[in-house]
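Peer 1: Coordinates for the following, if possible.
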Amino acid sequence: MKIKHQLAIFNAMTRLLVILVLWLMLPLLVENVVYHHINNSLLEKKKKFIEYLNQEEINDFIENPDDSTETFSEFSTLHSEFLVLSRVPMQLHQKKTTFSNEYRKIEGEENEYRILQHHFVYEGQDYQLEIGSSLSEVNDLTFVIKLFIIIVFVVILFITFLADTFYIEYLLKPFYKIIDTKIRRVNEPETFDHTPIKAASRDFRELDFVLNQMMDRIAEVFKKEKQFISNVSHELLTPIALLKNKLENLLQNESLDDNAVDKIAGSLKTLDMLKKIINNLLLISRIDNNQYEANEEIDLREIISDLYEDLQDRIDDKEIHFENKMQNGFVFTGNKTLIHILLYNLATNAIKYNKSGGNIIVEDGFVDEHYFISVKDSGIGMDESQTEKIFSRFARINSDQEGQGLGLAIAQSIASFHHIQIKVKSVLNEGTTFILVFEKAN
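Peer 2: This next block holds a predicted model:
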């Protein structure tokens, strides 16, 4: 998951947590506000009732003054409010005014009310005044408020999530640009783009600056390493040539016995192998150092035809059936000699690891407007662990086969030099297919 999505999800989760806490606290907040408003309203009604109260009105309310339990009550038509006045002795330590929520049944209809109970003394007589306000409408209103608020919260959460996603993507745009232009597209340190990345964030500008410095150091080390390999390989050819010349001169000595001749011949063979390794390393070094020009028009069908003629003896020795199925006259610009070496190494590899009487099929075609060539054999194949390291230098699939393990390493270097993607598919004991995918079809 990308970091922008992780940040957006984190922000959304924190907001969701805040919303959940608010949602849990909402009933208490709403009730406090609503009850505070109702309490004030009840206190105001109590105040007005007490201010205009006199004995005559009390006597009118309570028809039997001698009956201490006699009460007077009145209520609204919709049962939303009621008032009850009773003669009730005030108990010790009883609060003068209290509020409570109770269910009261009025004319057979039971509702929940917010009730103010007020005890007072008038002309030596204890009275209890109850004023109630129905909570049914308040509960309905509270539910509507809760529903409205949760809808608002969800909308806010969705909008802020989208806003966070786009804003984080805007902030991280320089980061992805650094990855795309300065890392993903860079195959060689020499091709690294040192152009500063425009970024509003100082962190990304610093990252870009440090990355440029790091790539400069890598390029310098890489250049020195390739130069060292080239110099060492080149310098080794001179003593090898001298040794080979001396050994060849020794073979001219007729006084040597057969044992000495065999040893000298073996030494010459070893020197030839060493010279071949050094030449291959020099070739890889020169390719990596871009010492070859790539300005020739290359006809790949022509190269495959020439390869078949060059390798026909080796193909016939193993009784291999070679089939050329190339149908497209694809021409591209590159180095003809290097492309010939690339295809030659793939073809010789297909012959070397093939079975007697096996097949080699060369095909071409287009995939997503990209031209490709495949070299398929019916040989011993490879397992996954072998496939992962076949392009490494001095890697050999089978120790019984001759070679130095540099053929496919050279093929990989040539392919990279021409911006050709080289793929391999292999099944153990069934065969291997090498596929060259060119950068863009002409």
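Peer 1: mind listing the strands for the stretch 251-400 of the chain?
Peer 2: Applying DSSP state E, counting those that start in this stretch to the stretch 251-400 of the chain gives strands spanning 296-299, 321-324, 331-334, 359-367, 370-377.
Peer 1: wait, which of those strands is closest to residue 254?
Peer 2: Proximity to residue 254 (C-beta to C-beta) singles out strand 321-324 among these, at 46.0 Å. For the C-beta atoms, the positions are set from N, CA and C on the backbone; glycine is no exception.
Peer 1: so how far is residue 343 from residue 326?
Peer 2: Applying C-beta to C-beta, to the nearest Å, the value for residue 326 to residue 343 is 11 Å.
Peer 1: Between the two, which has more neighbouring residues?
Peer 2: Taking other C-beta atoms under 10 Å, residue 326 and residue 343 do not tie; residue 343 has more neighbours (22 against 16).
Peer 1: which residues touch that one?
Peer 2: 300, 303, 304, 307, 373, 375 (C-beta atoms under 8 Å, 6 or more residues apart in numbering).
Peer 1: Now do the last one against residue 410, distance only.
Peer 2: Spatial separation of residue 375 from residue 410 under the definition C-beta to C-beta is 15 Å.
Peer 1: Look at residue 105 and tell me its secondary structure.
Peer 2: With DSSP: H, G, I helix; E, B strand; the rest coil as the basis, residue 105 sits in strand.
Peer 1: helices and strands around the host helix or strand of residue 240, which ones?
Peer 2: Mapping residue 240 onto the secondary structure by DSSP states H and E places it in helix 202-251. With contacts taken as 3 or more C-beta pairs under 8 Å, 6 or more residues apart in numbering; DSSP states H and E, helix 202-251 sits against helix 136-179, helix 258-288.
Peer 1: since we're on residue 345, how many residues are nearby?
Peer 2: 20.
Peer 1: Please report phi then psi for the closest residue to it other than its chain neighbours.
Peer 2: Of all residues not flanking residue 345 in the chain, residue 407 sits nearest, at 4.2 Å (C-beta to C-beta, 6 or more residues apart in numbering). Here is the backbone geometry of residue 407 (degrees, to the nearest 10): phi -60, psi -50.
Peer 1: isn't residue 407 right next to residue 347, touching?
Peer 2: No. Assessed by C-beta atoms under 8 Å, residue 407 is found out of contact with residue 347, at 10.3 Å.
Peer 1: one step back: and residue 16, which of the helices and strands packed on helix 202-251 is closest to it?
Peer 2: Set against residue 16 and scored by C-beta to C-beta, the helices and strands packed on helix 202-251 come closest in helix 136-179, at 6.4 Å.
Peer 1: Quick one: mean pLDDT for that closest one?
Peer 2: When pLDDT is averaged over helix 136-179, the result is 79.
Peer 1: again, but for stretch 9-28
Peer 2: Across stretch 9-28, the average pLDDT comes to 77.
Peer 1: tell me the domain ranges of this protein?
Peer 2: 3-141, 202-288, 296-437 (automatic domain parsing).
Peer 1: Going by mean pLDDT, which of these comes out lowest?
Peer 2: domain 3-141 - the lowest mean pLDDT of the domains of the chain, at a mean of 76.
Peer 1: Off-centre distance for that domain?
Peer 2: Offset of domain 3-141 from its chain centre (C-alpha atoms, centre = their mean, to the nearest Å): 59 Å.
Peer 1: what's the answer for stretch 234-250, then?
Peer 2: That offset, for stretch 234-250, works out to 57 Å (C-alpha atoms, centre = their mean).
Peer 1: Show me what counts as buried in it.
Peer 2: For stretch 234-250, the neighbour count (16 or more other C-beta atoms under 10 Å) marks 236, 243, 244, 247 as buried.
Peer 1: show me where the stretch 1-150 of the chain has strands.
Peer 2: For the stretch 1-150 of the chain, the strands defined by DSSP E, counting those that start in this stretch cover 71-75, 81-86, 97-106, 109-122, 125-134.
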